[in-house]
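Undergrad: Give the three-dimensional model of this entry:
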Amino acid sequence: MHGLRDRFPRLSAFLDRRAERREITQELRSHLEMRIQDNLESGMSPLEAEQEAYRRFGNLLRVERQCLDIKQPRAEAIMLTFLSDLRFGCRVLLARPGFTVIAVLTIALGIGANSSIFSFVNATLLKPLPYPEADRVVQFWETNPIKGWNDDRVACAPANFVEWHQRSQSFAEMAAYYTGGHKTGDPKGISLSDFYLTGGDDPVRLQGLRVVGHLFSVLGVPPEIGRMFRSEETWEGAHVVILSNGLWHRRFGADPSFVGKDIPLNGIGTTVVGVMPASFSFPTREVDLWAPWGRNRSEIAQFQNSIVRVIARLKPDVTIG
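TA: Numbering: from 1, shown residues only. A predicted model of the protein is given here:
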């Protein structure tokens, strides 16, 4: 029987239709007999009980058709139409392979571009920053009409940062970090500095961020172990460093007593003053360590090129406006 159904789909549909009609008829007859029995128990004569039941149900043939239509939902017809259109579309595409390849590549590029844009927007605009009171953290950028920097988000000049830091009255903390001079709207425009952990057989290359000011206070995240940079350390370029949690585990065995010890970075003894929590990353997860820029205040004030990003935390009584 299954072989006949597979070979003759119309015959299969006809048989299924007859089976459904038979089930509906039996169900209606059952309800009709139950109604007649209820009428007899209420005191009606057999003739009155039967007449009342048929009058209540109406035209049984019409009811049967309505029930049969319900058994064949519109979704089935829609799906059949969709499958038919799909088969037709496949035949058309196979008949024109050149057009098909171009269409598929265009759709793939469109989906890829949309996914990338959404991922960036979600990370930078929709998803909140993973820092306490992140809405109080602001970022600076510069404009320069002479150079045509009107709507572009351009990194800041260290000299301007020094002056902002001295004159600021709206921010509880302010910090800058070296970027190498990229537009701040560019997610890839972050230049990490190379540090080399020496002292072994082969130097180990690490990625670090050079900072000035109270970076971790601005972000509101203290080290898990140890302390933050002191103000004079970042403004005078002291040989201190704060490690990422990942580097601390990979290279130093997650030893808590390691804080306060010196490590050879770029051939210079550098004191580890803290280790950040595992959940912390800034500005990217590729950062292994954070270190002072290595220049004093007077030297920093001489730089006019746009090579740092500046962030700050608003004072409690100050609004963005």
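Undergrad: what distance separates the start and the end of stretch 242-257?
TA: 14 Å (CA to CA, to the nearest Å).
Undergrad: Next, the buried residues of that stretch.
TA: 242-245, 247-248 (16 or more other CB atoms under 10 Å). Placement of C-beta: from N, CA and C, glycine included.
Undergrad: which residues sit against it?
TA: For stretch 242-257, contacts defined as CB atoms under 8 Å, 6 or more residues apart in numbering pick out 197, 204, 206, 216, 223-226, 228-229, 258, 272-278, 280-281, 287-291.
Undergrad: and if we set it to 6 Å?
TA: 225, 258, 274-276, 278, 288-290 (CB atoms under 6 Å, 6 or more residues apart in numbering).
Undergrad: Just send those residues back as CSV, with distance to E50 and secondary structure too.
TA: Compiled in CSV, these are given as follows (distance: CB to CB, whole Å; DSSP: H, G, I helix; E, B strand; the rest coil):
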residue, distance to E50, secondary structure
I225, 91, strand
F258, 96, helix
G274, 93, strand
V275, 90, strand
M276, 87, coil
A278, 81, coil
D288, 91, coil
L289, 94, strand
W290, 92, strand
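Undergrad: Can I get the buried part of those as one ChimeraX selection?
TA: Provided next is the ChimeraX selection string for whichever of the contacts of stretch 242-257 are buried by 16+ other CB under 10 Å:
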select :225,258,274,275,276,288,289,290
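Undergrad: From the contacts of stretch 242-257, which one has the minimum pLDDT?
TA: The lowest pLDDT within the contacts of stretch 242-257 belongs to F258, with 87.
Undergrad: Name the nearest residue to that one, sequence neighbours excluded.
TA: Nearest in space to F258, with sequence neighbours left out and distances taken as CB to CB, 6 or more residues apart in numbering, is F252 at 5.0 Å.
Undergrad: now the helices: where do they sit in this structure?
TA: 2-7, 9-41, 46-57, 60-71, 74-95, 97-121, 158-167, 215-219, 231-236, 245-252, 297-300 (DSSP state H).
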